[in-house]
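Visitor: pasting the sequence and the predicted model now:
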Amino acid sequence: MTSLTLYSYFQSKLEFDFDLWKRFFNISILFLSQPILQIEEKVFIKRLKMKLIYGDMRVQVATLVKEMWNNLGRNKSDFITHEAQDVLQNFLRMSLVPVKSQREETLPIFYDMINFEV
């Protein structure tokens with residue numbers, strides 16, 4: 001639901017706003033890698049409490065990033081170019097977080113990039 005709202009807002013402009021999408025992806029992925037969210041490094045009780053209260057926000061944001069990527073359509077090619085190398089690096093950073101469900105959300109993005117480029 002969130003991705004549809006964001007997508008409709010992002011697409012409400014007359015032309016594709018690469019910088020807006022780039023900032024969205026960069027900020028989302030930087031959020032995922034924040035040390036405070038690395039719950040596997042916390043003591044068991046604190047980890048359990050965080051999961052019960054907030055869930056694993058990294059997985060939620062990773063899912064949002066994947067959904068927004070899928071909404072890009074033909075504009076995906078803008079993110080596979082040399083100019084968007086920092087976005088690609090951030091996607092790679094996102095896939096390196098040691099949470100299996102988050103990696104499962106990230107890997108289809110790389111596969112899609114490979115297929116889109118071919």
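Guide: That came in fine, so what should we check first?

Visitor: low-confidence ranges in the protein?
Guide: Applying pLDDT under 70 to the chain flags residues 1-4, 9-14, 82-83, 117-118.

Visitor: what about the longest helix in the protein?
Guide: helix 100-117 (DSSP state H).

Visitor: what helices or strands is that one leaning on?
Guide: Packing partners of helix 100-117 (3 or more CB pairs under 8 Å, 6 or more residues apart in numbering; DSSP states H and E): helix 57-71, helix 85-95. (C-beta placed from N, C-alpha, C; glycine too.)

Visitor: the most centrally placed residue in the chain - nearest residue in space that isn't next to it in sequence?
Guide: When CA atoms, centre = their mean is applied to the chain, the residue found nearest the centroid is residue 65 (3.2 Å). In this structure, residue 65 finds its nearest non-sequential neighbour in residue 28, 5.1 Å apart by CB to CB, 6 or more residues apart in numbering.

Visitor: secondary structure element holding the one you found?
Guide: Counting by DSSP states H and E, the element that carries residue 28 is helix 18-32.

Visitor: isn't the residue nearest to residue 65 right up against residue 60?
Guide: No: judged on CB atoms under 8 Å, residue 28 makes no contact with residue 60 at a distance of 10.5 Å.

Visitor: for residue 87, give its distance to residue 31.
Guide: 15 Å (CB to CB, to the nearest Å).

Visitor: now do residue 22
Guide: 15 Å.

Visitor: which helix or strand contains the residue of the chain most remote from its centre?
Guide: Within the chain, residue 45 marks the point farthest from the mean C-alpha position, 28.0 Å out by CA atoms, centre = their mean. Taking DSSP H and E as the criterion, residue 45 maps to helix 44-54.

Visitor: now that helix against helix 57-71, angle please.
Guide: 50 degrees (axes from the mean of the first three to the mean of the last three CA atoms, to 10 degrees).
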